[in-house]
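Quick check, what structure comes out for this input:
(chains A and B)
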Amino acid sequence: MATATTLSQAAGQAYDNLHIIWLADDLPGRIALFCQNSLPIFPATLEGGLPVAHWLTVFSSLGVTLPATAVPIVQLTAAAQILYRLCWLAFSLIGNGITTSQATQLLANYNTFLGF
Amino acid sequence: MTYPQPSADQYAIRGYQYFRLATTLVSPGDIYDSTQSAHGFAVGPTSDIANVNLAYFDDQVLPTYMAMTTISPNRAFVGRIDARNDTSYVPAGRAARILFWPADIYDPNYRPIAKPAAFDPDKDTINFVAPQLEVIEYFKPLASLTPGRQDKEFVFQNYPALLSGGRFFLVIPYYGRKYAFLNFTNRAALTSNTIGIVGVNYAITQDDSDNPYHQETTLLTETAVANGESIDHVIRASQHGMFDALVISLDNAGPAPLRLVTSDIEEAT
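Okay, the predicted model is just below:
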């Protein structure tokens, strides 16, 4: 694993990266930080980014329902699947709904809060 | 789906009594929304995707107000499902639309890892039948819903030209299916055509890494079919398992008619 250079790579590393955070018992906190910092990149007024915001909405809701420690392994899978889809969707929407700048900011947040 | 997606609003305004989203998946992350509340959700008859997740507003689900469920060919959801555009999910603070997305994984970047052989980008070719997602949202009260998917028939005949030693891989969606019947005939003038079938369950993985995590199961060992000859093959869930996709490998451009029928009902032996 390494820092993701593209959102498609970030998607592929989603489960592996969250696994490390899960082992460190820090999953809810990291998800919250990632979502808090990423949602403003996709304001509700810009329709092109709404699908990415939908994923961030689902991801943040999952994050606050997780126990602070000892997150069940099925919840790790749920989180990984959401992050995988979120990154893939953002990757596929570059230039077709979201800007390169938005994608770059999202990837930076991924690497800061969820990547290694 | 190319965004923006079709709006459920127009279907409600025009009195359709339902909103039907039928789209080919473009990315593994496709997600859709509805700003209209519903009285039922079901997987549509033409859907290749078997399981669809729903997120919707429920003020008794604290602290997020987001309830989630999954519909499938065997289980529709009948009952009021709220979209609340006047309020928000927590903590995102975004309007509480109904959100839905495939629960099944689709990976158009999958390349055969080991079965029947590792994909060789210099010689091999791969082609995906992109999965169809069909979801129906009902706007009028329903006593019950009888969901279910139709059997699907995939027909092919001619394939890409191949370099010597190369294979053509054809990836066909098989989510939740319990039965498949394949009929293959080699109509090439002189040469044989070698066919194999592998079942794939997609994993969350980096496809360009040395060790992708997808799972592959051989369902039909590669078999050379002489010109003028045919082969039939049946796949049953109880015998072979269940897979996200079937990968058919060939080593000749044909002509070679191939008919694959997939079903949610396992035919008796």
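
Might you report the residue contacts of the most centrally placed residue in chain A?
Central residue of chain A (Cα atoms, centre = their mean): A:Leu83, 4.4 Å from the mean position. Residues near A:Leu83 by Cβ atoms under 8 Å, 6 or more residues apart in numbering or on different chains: A:11, A:14, A:18, A:59, A:114. For every residue, glycine as well, the C-beta is placed using N, CA and C.

for the lengthiest strand in chain B, packing partners?
In chain B, assigned by DSSP state E, the strand with the most residues is strand B:215-225. Here strand B:215-225 touches strand B:179-185, strand B:193-201, strand B:230-236, strand B:245-250, going by 3 or more Cβ pairs under 8 Å, 6 or more residues apart in numbering or on different chains; DSSP states H and E.

who wins for neighbours among the contacts of A:Leu83?
Within the contacts of A:Leu83, neighbour counts (other Cβ atoms under 10 Å in any protein chain shown) peak at A:Ala11, which reaches 29 neighbours.

for that residue, helix, strand, or coil?
The local conformation at A:Ala11, judged by DSSP: H, G, I helix; E, B strand; the rest coil, is helix.

so how far is chain B from it?
Using Cβ to the nearest Cβ, to the nearest Å, A:Ala11 is found at 7 Å from chain B.

number of nearby residues for the residue lying closest to that residue once chain neighbours are set aside?
Excluding the flanking residues, the one nearest A:Ala11 by Cβ to Cβ, 6 or more residues apart in numbering or on different chains is A:Cys87, at 3.6 Å. Residues contacting A:Cys87 under the criterion other Cβ under 10 Å number 30.

Looking at the backbone only, give me phi and psi for residue 67.
You didn't pick a chain, so chain A it is. phi -70, psi 150 (degrees, to the nearest 10).

actually chain B
Dihedral pair for B:Ala67: phi -100, psi 150, per degrees, to the nearest 10.

Buried ones in the longest strand of chain B, by neighbour count?
Neighbour counts over strand B:215-225 (16 or more other Cβ atoms under 10 Å in any protein chain shown) mark B:216, B:219-220, B:222, B:225 as buried.

List the pairing partners of it within its sheet, with orientation.
Here strand B:215-225 has these sheet partners by DSSP bridges: strand B:193-201 (antiparallel).

and the partner strand with strand B:179-185, angle?
Note on geometry: by axes from the mean of the first three to the mean of the last three Cα atoms, to 10 degrees, strand B:193-201 and strand B:179-185 are set 160 degrees apart in direction.

Show me which residues of strand B:193-201 are buried.
Going by 16+ other Cβ under 10 Å, strand B:193-201 has these buried residues: B:193-201.

show me where pLDDT drops low in the chain?
With no chain named, the answer covers chain A. Residues of chain A meeting the criterion pLDDT under 70: A:1-2.

Chain B, not that one
In chain B (pLDDT under 70), the answer is B:1-2, B:269.

Phi and psi next, for the residue of it most remote from its centre.
Going by Cα atoms, centre = their mean, the residue of chain B most distant from its centre is B:Leu190, 35.8 Å out. In terms of degrees, to the nearest 10, the main-chain angles of B:Leu190 are phi -130, psi -40.

That one - nearest residue in space that isn't next to it in sequence?
That would be B:Asn227: by Cβ to Cβ, 6+ apart, it lies 5.8 Å from B:Leu190.

What's the separation between the one you found and chain A?
According to Cβ to the nearest Cβ, B:Asn227 stands 42 Å off from chain A.

so what's that residue up against?
Here B:Asn227 is in contact with B:186-193 (criterion: Cβ under 8 Å, 6+ apart).

Can I get the residues you listed in JSON lines including distance to B:Asp122?
Listed next are the contacts of B:Asn227 as JSON lines, based on distance: Cβ to Cβ, whole Å:
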{"residue": "B:Asn186", "distance to B:Asp122": "25"}
{"residue": "B:Arg187", "distance to B:Asp122": "28"}
{"residue": "B:Ala188", "distance to B:Asp122": "23"}
{"residue": "B:Ala189", "distance to B:Asp122": "27"}
{"residue": "B:Leu190", "distance to B:Asp122": "26"}
{"residue": "B:Thr191", "distance to B:Asp122": "21"}
{"residue": "B:Ser192", "distance to B:Asp122": "23"}
{"residue": "B:Asn193", "distance to B:Asp122": "21"}
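
CA atoms only for the lengthiest helix in chain A, dumped as CSV, please.
When chain A is parsed with DSSP state H, its longest helix is helix A:73-93. What follows is helix A:73-93, C-alpha atoms only, in CSV (Å, rounded to 0.1, in the frame of the first residue of the first chain):
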residue,chain,number,x,y,z
ILE,A,73,-16.0,-6.7,10.9
VAL,A,74,-19.2,-6.5,8.9
GLN,A,75,-19.2,-2.8,9.4
LEU,A,76,-15.6,-2.7,8.1
THR,A,77,-16.9,-4.3,4.9
ALA,A,78,-19.8,-1.9,4.7
ALA,A,79,-17.4,1.1,5.1
ALA,A,80,-15.0,-0.3,2.5
GLN,A,81,-17.8,-0.9,0.0
ILE,A,82,-19.0,2.7,0.4
LEU,A,83,-15.5,4.2,0.1
TYR,A,84,-14.8,2.0,-2.9
ARG,A,85,-17.9,3.2,-4.7
LEU,A,86,-17.4,6.8,-3.7
CYS,A,87,-13.9,6.9,-5.2
TRP,A,88,-14.9,5.1,-8.4
LEU,A,89,-17.8,7.4,-8.9
ALA,A,90,-15.7,10.5,-8.4
PHE,A,91,-13.1,9.1,-10.8
SER,A,92,-15.7,8.5,-13.5
LEU,A,93,-17.2,11.9,-13.1
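
Of all the residues in that helix, which ones are buried?
Applying 16+ other Cβ under 10 Å to helix A:73-93 flags A:75-76, A:78-93 as buried.

need the next SSE after that helix, C-terminal direction.
helix A:100-113 (DSSP states H and E).

mind saving the C-alpha coords of that next one as PDB?
Taking C-alpha atoms only, helix A:100-113 is exported to PDB below (Å, rounded to 0.1, in the frame of the first residue of the first chain):
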ATOM      1  CA  THR A 100     -10.300  18.100 -11.700                       C
ATOM      2  CA  SER A 101      -9.800  20.400  -8.800                       C
ATOM      3  CA  GLN A 102     -12.600  18.800  -6.900                       C
ATOM      4  CA  ALA A 103     -11.200  15.400  -7.600                       C
ATOM      5  CA  THR A 104      -7.800  16.500  -6.500                       C
ATOM      6  CA  GLN A 105      -9.100  17.900  -3.200                       C
ATOM      7  CA  LEU A 106     -11.100  14.600  -2.600                       C
ATOM      8  CA  LEU A 107      -8.000  12.500  -3.200                       C
ATOM      9  CA  ALA A 108      -6.000  14.700  -0.900                       C
ATOM     10  CA  ASN A 109      -8.500  14.200   1.900                       C
ATOM     11  CA  TYR A 110      -8.400  10.500   1.200                       C
ATOM     12  CA  ASN A 111      -4.700  10.400   1.500                       C
ATOM     13  CA  THR A 112      -4.700  12.600   4.600                       C
ATOM     14  CA  PHE A 113      -7.400  10.800   6.600                       C
END
